[in-house]
Every structure is written in structure tokens, then in C-alpha cells.
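Visitor: Pasted the sequence and its predicted model underneath.
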Protein chains: 2
Amino acid sequence: MVSKDLLKGTLKTIVLKLLEEKGRMYGYEITKEVERLTEGKVQLTWGALYPTLHKLEADHFITAQEVSIGKRVRKYYTLTESGRSTAKEKVQEFLDFVAIMGQILNPKPSLNLG
Amino acid sequence: MVSKDLLKGTLKTIVLKLLEEKGRMYGYEITKEVERLTEGKVQLTWGALYPTLHKLEADHFITAQEVSIGKRVRKYYTLTESGRSTAKEKVQEFLDFVAIMGQILNPKPSLNLG
DNA sequence: TTTTTATATATAAGTCAATTATATATTATT
DNA sequence: AATAATATATAATTGACTTATATATAAAAA
């Protein structure tokens, strides 16, 4: 389990980055994918995820397409043009944050891209 | 300037780690040292720092020694035994967090220790 | 076949670490 | 003499999150 305090501020980054990679995803799918990627160490809560998706949509970073699966409605989200650039910005912002924390915590952390 | 949302949850870690390294520091000195280390990109606010120092003291992770500098009183803080182990735990917690975020954000970030 | 688990979305109430604002006082610099 | 730097402290507010609650369908297990 990862510290929830540290996770604060990463939700939008995570959502935007996953959408950038997968093209289109629905909320429930995002939580499951994050669980899978982190071997259960990060579990997004619906109480945080859904309002965040709605906010990203209101800010025109993502758009929703409702798809009926039997009688159930699924909301697929896709990045908009500005969402695509925001995704990159957010990831870079996180990399910057890690680099600077490294300067403080001293073990000289850095990120191997690729 | 580093994202304030991302910085959330890192204050105790930063304070404990700096005290571990420097042995003894006072509040104002901590803010200046963090500014110096990050070239001004991280600026701790007193509104967060002082209450945090008081809380760490109440939790017996640090102890205070008041030193008079002229007519001004300076409060030097030192790690206790449990503060020392908590410092290590907190730094490790941060490293774990970064590693897991790397699994999500995919550029495969890792930390070069040393 | 009935019950439970998994799928799927949504919102309201509460928490808590931090920001912002305010207060106070000494010392050094311009 | 005025301003900036040093030094600590607390109160009010913000906001991203957690926890709790609500609703409904589909699949799997009892």
C-alpha cells in the first residue's frame, strides 16, 4: 500500500496518462488498470475518480461517449487535443517534482526514460 | 516552482531527513536550506512548517533546545532515537511511492542511489 | 434458484495537510 | 529613519482526497 498523502495530487496525472496510452477507457476500467499495474498497491476510490473525470470533462481535457453494454451504460473517455498536451505537462511536472525531491533527500534520484 | 499538490505529504519527510543530515537545525534555517537545495523551487511556508515541528516534537520524533541569540530566541531541533528510524522509514516510503508511480506513468523511472 | 460477488456510475459528508493571513519582535542594511 | 532579513507562532480557510451511501445489472457460486 502506497502512502495516500503522497498520492495526493497525482490522480489527474494518472488518468490523463492512462488515457493517452490506451486511447479510450471507462472509469471502472481505470481503477482496475491502476490496480493491475501496481499489483494492488494503489487503489483509486470512486469517490475521487468520478468527480475527477467529471472535472476533466468540464475542463474539456476529455470527452465522454456513452456505450450500452446490455442494459448497463458505460462511459468511455477520450483525450481532447488540449487533454493530450496537458497529459504531457502533468507527467513532466511529476518528473520535475521527483528530481527536486531528490535534491532534498539526496540519494540523487533520477529517472531513466525508456 | 514545484506543484504544491504533489508536495503534499512530503513535509515531515523533508524535515526529518534534513535533521538526520545536519544534526540540528532551527525552523527558519530549514526553510532556507530547502530553498538553497532546490534553487528556490520549493519554499516551505511557516504556516505549515512550525505546526509540523510542534507535531513532530509532540510525537517525540524531535526535541527542542532553545538558544538565545542576543535578545532573540532560536529553537534548535534534534532527532530522537525514534525520529531517526522514522526518518529512514519516511524516505523509503517516498522511494516506494516514486517506484510505483513509475509503474503507472511507464517511463520506467528508477532511483540511482549514490 | 437464491445469494453473493463483480461490474458500473454517482454524490454527499467529513477529514486533514497544507495555504493564506495575521501577529509580534529583533537585527542588519540602505 | 526606513526597509529588509531574521525568527517564531497561530487562526481561518482551502481543496483534494477518504469514507459512506445510493442505485442497478450481470455473472458466478451456494
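Guide: Right, received. Where do you want to start? Numbers count the residues shown, from 1 in each chain, chains lettered A, B, ... in the order given.
Visitor: Contact partners for A:Glu20?
Guide: Residues near A:Glu20 by Cβ atoms under 8 Å, 6 or more residues apart in numbering or on different chains: A:79, A:84, A:87-88. C-beta here means a position set from N, CA and C on the backbone, and glycine is covered the same way.
Visitor: now, among these, which is nearest to DNA strand C?
Guide: Distance to DNA strand C, by Cβ to the nearest atom of the strand, is smallest for A:Leu79 among these, at 16.1 Å.
Visitor: got a pLDDT number for the residue lying closest to the closest one once chain neighbours are set aside?
Guide: Computed as Cβ to Cβ, 6 or more residues apart in numbering or on different chains, the closest residue to A:Leu79 that is not its neighbour in sequence is A:Leu19, at 5.0 Å. pLDDT recorded at A:Leu19 is 98.
Visitor: if we can go back for a sec, just the ones in strands from the contacts of A:Glu20, please.
Guide: Secondary structure from DSSP state E places A:Leu79 of the contacts of A:Glu20 in strands.
Visitor: Report pLDDT for A:Tyr106.
Guide: Wrong residue type there; residue A:106 is Asn, not Tyr. 79.
Visitor: That one is in contact with B:Glu21, isn't it?
Guide: Yes. Using Cβ atoms under 8 Å, A:Asn106 is in contact with B:Glu21, at 7.1 Å.
Visitor: burial measure for the residue nearest to A:Leu79, as a count.
Guide: 23 (other Cβ atoms under 10 Å in any protein chain shown).
Visitor: Only C-alpha atoms, please: export the helix or strand hosting it in CSV.
Guide: Using DSSP states H and E, the element containing A:Leu19 is helix A:11-22. Output of helix A:11-22 as CSV, limited to C-alpha atoms (Å, rounded to 0.1, in the frame of the first residue of the first chain):
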residue,chain,number,x,y,z
LEU,A,11,-4.9,11.5,-9.8
LYS,A,12,-5.3,13.7,-12.8
THR,A,13,-1.8,12.8,-14.0
ILE,A,14,-2.6,9.1,-13.7
VAL,A,15,-5.9,9.4,-15.5
LEU,A,16,-4.6,11.6,-18.3
LYS,A,17,-1.5,9.4,-18.8
LEU,A,18,-3.6,6.2,-19.0
LEU,A,19,-6.0,7.7,-21.5
GLU,A,20,-3.0,8.8,-23.5
GLU,A,21,-1.8,5.3,-23.7
LYS,A,22,-5.0,3.3,-24.0
